[in-house]
Every structure is written in C-alpha cells, then in structure tokens.
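Peer 1: Predicted model and sequence below, questions to follow.
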Protein chains: 2
Amino acid sequence: MDWGTSNLRCWAMSADDQVLGEAQSDRGMASLLPEEFETALLDCIAPWLGDGPPVRVIACGMVGARQGWREAPYSIAPCPPHSARARIEVACRDRRVAMCIVGGVAQHTPCDVMRGEETQIAGLLADLPEFDGVACLPGTHCKWVRIAEGQIRHFHTFMTGELFNLLATRSVLRFSVTSEAWDEAAFLAAVAEAAARPETVPGLLFPLRAASLLGDVAPSTARARLSGLLIGGELAAARDLWQATPVVMIGADRLARAYCAAAAALGGNVTLRDSTALTLAGLARARALAADPS
Amino acid sequence: MDWGTSNLRCWAMSADDQVLGEAQSDRGMASLLPEEFETALLDCIAPWLGDGPPVRVIACGMVGARQGWREAPYSIAPCPPHSARARIEVACRDRRVAMCIVGGVAQHTPCDVMRGEETQIAGLLADLPEFDGVACLPGTHCKWVRIAEGQIRHFHTFMTGELFNLLATRSVLRFSVTSEAWDEAAFLAAVAEAAARPETVPGLLFPLRAASLLGDVAPSTARARLSGLLIGGELAAARDLWQATPVVMIGADRLARAYCAAAAALGGNVTLRDSTALTLAGLARARALAADPS
C-alpha cells in the first residue's frame, strides 16, 4: 500500500503479483494520530482478511515519517531504493495482519528526503535494471532522481507544486487565475521565458495580477502562465540533472503531462511512465525483499 | 489618511501641515463593503469634526481600488505621483466631511499598479524635488520605483513579502522556521548566494525542510535563510534598477532594515527614510494640489 500525507491506497496482490482488489481512503498520515493508523488500515483491507496465516501488508510513504504510524529509518543516498535495514515491522493488535513499513531515502549534501518515491524508483528498476538516467516525479514536491547501477545516486526536491497551489489559492494572484481551463500556448511560452532567464521569474508574478486588473489577460492564460513560469524556473534550476540524460517522467495526471511537454520543449529526452504501475511493481519488489532480506 | 488593505491610519493636520492628532483602526479596505467605509471613517475622525465648514479628508491607498469605497482612476507612468485628474471626490452623508481619494499609478509595459506608494513618492519629492534615483518600498508587495524630473518614470512590483509569509506559515517549511529570532549572518549569506546564482533559488527551498528533519539547522537560521534567499532573488531580478543609482529605502520596520542591509552588502548605495514622515508629506502635497489643481 501507498500511504501518503493526504490519502492511502491499498492493493490486494496474489503471490505472483496480480492485483486482486483495490481500496483507498482519504485518511492520510496528516489526519491521523499514531494510535489511529491500525483502524484506518483495517477499514480498508478487512474484506481481504481471512482465517489463514497473517496477511503481509507492505506500506510505503509518509506513514513512516516521524509524525506517522511509526518512524522508519532513511537509507542514505547513494543507495538502492529499498533496503532491509530501512524497513520496520509494526506490531498490530489484529493478528490477521503482519505489517511493515519501508523507509525513505535521505541525502546529506545537499539535504533532501523522500518517502514513497523510492518505491516507484524500485518499480522502475524492476522493469529496467540497467536504467542510467533521471526519474522526475512531479507533485506537491517534485523529485528529480539520478539513477545508475541500480542505485539512487543523488536527488533534488522542488516545492513547485506547493508554491503554485499557495499562489493560486492564497495569494493576491488568486483573483487572476480563477479559470480551470488550460492555455497550452501560454504555458509553453512562459516555460521558455523562465528557462531562458530564470532570474526574472520573481519579478514576473505580480504583473499577472496587474495585467488582469488592467484587463489585459484571461484567467486561463494567467493560470497557465503562472504554472509555466514556476515549472520553467524549476527546469532551469534542474538543468544539470536532465540536460544530457534520458528522463523518465513518472505520473499520469495533467501535471506530469505538463512537465513532459515543458521538458521536451526545452530539448529534453523524456518518456512518460504510469506512476500506479510503478508503485505496484515497487511494492512487489519490497515484498520479495522482505521474503529474502539477503 | 492612508487607507490600505488591512488598516487605516488618519492624521489631523493644521493648515501649515503640523500633526494635531492621530487615529488608526484595523478596518482596512478588505474588511469593508462600499457602504461601510463612511462609518469606519467617522469612527476614527469624529472627535476632530466641529460645526465649521466641512473638514477636507484626503485618502490614499487601496480605499480607491475597484473593491474599495469608490474606484479612483490610475495615472499612467511616466507621470507625477499625484495628479488632479486621478483624484475623485466622494460624497458623504455626513456634511461635516469633504472627502477625496487620490488615485494610484499604473504602467502598461510591463503591467504594474500601485495605490498608496505614490503618496510616499510625492512626499519624497516634496523634500527632494530634484531626486534622480530609485525608491524601494518593502512590504507585502515590494515596489522599486525609478524617479527622475519629478516623475515616476517606471516601476516594478515583487511579491516577495507575500511569498515569504505563505511559505513561512502555510507551506511544509512552516515546521522549520518556527523561531522569531533572527540570524543576520545566515540572512546575509543567503542574500549573497541567491544574488550570485538566482536561478538556484527554487531548488534551495525544500532543503530547508530536509535540513531541519535531518537535524542540521536551527529554526532561526532557517527563517533568516528563507528570507535571504527570497530577498536576494528579488535584488538579482531588480539589479538593473538599483545597481548604478542612489536608492532610498522607504520604511521603518525590520523588513526595510533587512532590505537595506541586503542591498548594501551587494554594493548598493542605500539610504533609509521613514515611511510615515513621507506619507504625511505626500498627503500634505495632495492637499495643496487639491486647493490649487492647476
């Protein structure tokens, strides 16, 4: 299961990694006290539990954070995405469950952390063990992960998604980006502008508000331009990571497709991969590792 | 009076511009419907009203915005900070008051707007009519204003203050910048780092959170570093405005002093001026203009 900050998502899997069932809920880590996790889990998976031996449950994500169910240690990059040392068993009151949480990956120079994304990387490496390139995982906190020799070599997190949401819903710009429609041309123009001159981006935000006050810009254009300025700035800052390397963009939603379009427009060699499939493949790898922790 | 988004501040002034009294309240523009402004005004100034001819009230700021009491038109830069054409009379039910609102200044290329800051510029020009340089007005939305020949030539607004507040109170960084203490050395180091490589700033934000998770940074250091990264990025983006020009920093609070220290550290020629004194001088100029609109 993937148990993140806002949601949890469980899959029942057969011994040969076929998906037998799926369940999800909005009882993410941030909404639960430590003693509430087991109930939240059982509410999702009870229909799958029987009278046989305990069912092995493997969780990745923020459930293993300090504020989660129980803290799972980080592996320190460079390292494989999963390791037996960074996995903890969690005792459950319900004897039908044998629960473990896989730990995240941390980096000291520069400081960075991930919880959950390492499992998608494990899934990617299950499919492409020789992969030598970069994985990009867009989201609230977008990760760029350099992968080689079956390891996470180093990685870098950008708060671009969170920044966009704060600006679009809490700042003075919220009055100017009210449309959910998408202006792809404005997005790509802003990406190009920001990537060419990233130092100008801080000065291009308030003009979005001023332009709408002066009647010069549609909300859908302003919204796409805000997104493009921030993603273009991120691509400029991450350029050394993706410029001369194959990039696998891991996602399925509009955001991942926007990152793909932006990176491709700047000359990136980008392939899109479905994040759910990679999460499942990564959890299957974690199960195999749990059975044989050598 | 200065009637902004969050507050209003009134001064009773004699014919020769001496301050006779002061009043303020938190009934800023954002908290009032159009029909509520007059009452909010009278609650502040009623003690100063008598039986003689109507008292002239001159207001600057967001009270003249579209969502304010009544919209006052913008002057379009380049222009003097105040003009008779951008001033509107507002009819009051209370006949003891003769109310007017001075308009703001807008710019079309690039789009930008100000309401209130033009009055501080008018105050600066009342004192230094020949000023040829840049005024910087730090705040939620920091303005850099190029001034020459008694005019606002052009200006540029940065959302740095609002961005800092959102990141420090609403983002994942809020857990890492909990101290109100100030680490000046960390601030100046971050200013220098961001100004030298502004394109790296988007990638330096999440590491503040990771560093505090990994135990490597004190909250006061993280807070000052966040501020320094954002202000350093702004100074890099505004470099063409301030680099070879005298800069008057208009403010009195910690933020204005931080901008002064940052700009001086980067080689700026900066003088700090008190914003209240300039607002008063600017309102006095607006009154003179109202009496003689030639």
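Peer 2: Nice, I can see it.

Peer 1: In the stretch 1-150 of chain A, which residue sits nearest chain B?
Peer 2: Ranking the residues of the stretch 1-150 of chain A by distance to chain B (C-beta to the nearest C-beta) places residue A:111 first, at 4.0 Å. (C-beta placed from N, C-alpha, C; glycine too.)

Peer 1: Spit out the contact partners of that residue.
Peer 2: Contacts for residue A:111 (C-beta atoms under 8 Å, 6 or more residues apart in numbering or on different chains) come out as B:207, B:210, B:211, B:213, B:214, B:216, B:217.

Peer 1: how about the nearest residue to residue A:93 once chain neighbours are set aside, secondary structure?
Peer 2: Counting by C-beta to C-beta, 6 or more residues apart in numbering or on different chains, residue A:93 lies nearest to residue A:38, which is 6.3 Å off, once chain neighbours are set aside. Secondary structure, DSSP: H, G, I helix; E, B strand; the rest coil: residue A:38 is helix.

Peer 1: hmm, back to that, ChimeraX command for the buried members of the contacts of residue A:111?
Peer 2: Those of the contacts of residue A:111 that count as buried under 16 or more other C-beta atoms under 10 Å in any protein chain shown are selected in ChimeraX with:
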select /B:207,210,211,213,214,217
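
Peer 1: for the closest residue in space to residue A:213 that isn't next to it in sequence, what are its contacts?
Peer 2: Spatial nearest neighbour of residue A:213, excluding adjacent residues (C-beta to C-beta, 6+ apart): residue B:113 at 5.8 Å. If you count contacts by C-beta under 8 Å, 6+ apart, residue B:113 has them with A:209, A:210, A:213, A:214, B:74, B:104, B:105, B:106, B:107, B:157.

Peer 1: phi, psi of the fourth one?
Peer 2: Pointing back at residue A:214 there. Main-chain torsions, residue A:214, degrees, to the nearest 10: phi -90, psi 0.

Peer 1: about what we covered before: so the residue nearest to residue A:93 makes contact with residue A:95?
Peer 2: No - taking contacts as C-beta atoms under 8 Å, residue A:38 lies outside contact range of residue A:95: 11.8 Å.

Peer 1: So for the two, which sits in the more crowded spot?
Peer 2: Neighbours per residue, other C-beta atoms under 10 Å in any protein chain shown: of residue A:38 and residue A:95, the larger number sits with residue A:38, 18 against 8.

Peer 1: and the gap between the more buried one and residue A:94?
Peer 2: 7 Å (C-beta to C-beta, to the nearest Å).

Peer 1: show me what contacts residue A:270?
Peer 2: A:247, A:248, A:249, A:260, A:263, A:264.

Peer 1: Tell me the one of these nearest residue B:78?
Peer 2: Using C-beta to C-beta, residue A:263 comes nearest to residue B:78 of these, at 40.7 Å.

Peer 1: Now the phi/psi pair for that closest one, please.
Peer 2: phi -70, psi -40.

Peer 1: Excluding sequence neighbours, find me the nearest residue to it.
Peer 2: Counting by C-beta to C-beta, 6+ apart, residue A:263 lies nearest to residue A:270, which is 4.8 Å off, once chain neighbours are set aside.

Peer 1: Give the bridge partners for that neighbour, please.
Peer 2: Residue A:270 has these beta-bridge partners by DSSP bridges: residue A:247.

Peer 1: How many neighbouring residues does residue A:196 have?
Peer 2: 11.

Peer 1: What pLDDT is listed against it?
Peer 2: For residue A:196, the model assigns a pLDDT of 98.

Peer 1: For chain B, see how far away it is.
Peer 2: 11 Å (C-beta to the nearest C-beta, to the nearest Å).

Peer 1: doesn't residue A:268 make contact with residue A:247?
Peer 2: Yes - the criterion here is C-beta under 8 Å, and residue A:247 meets it with residue A:268 at 5.5 Å.
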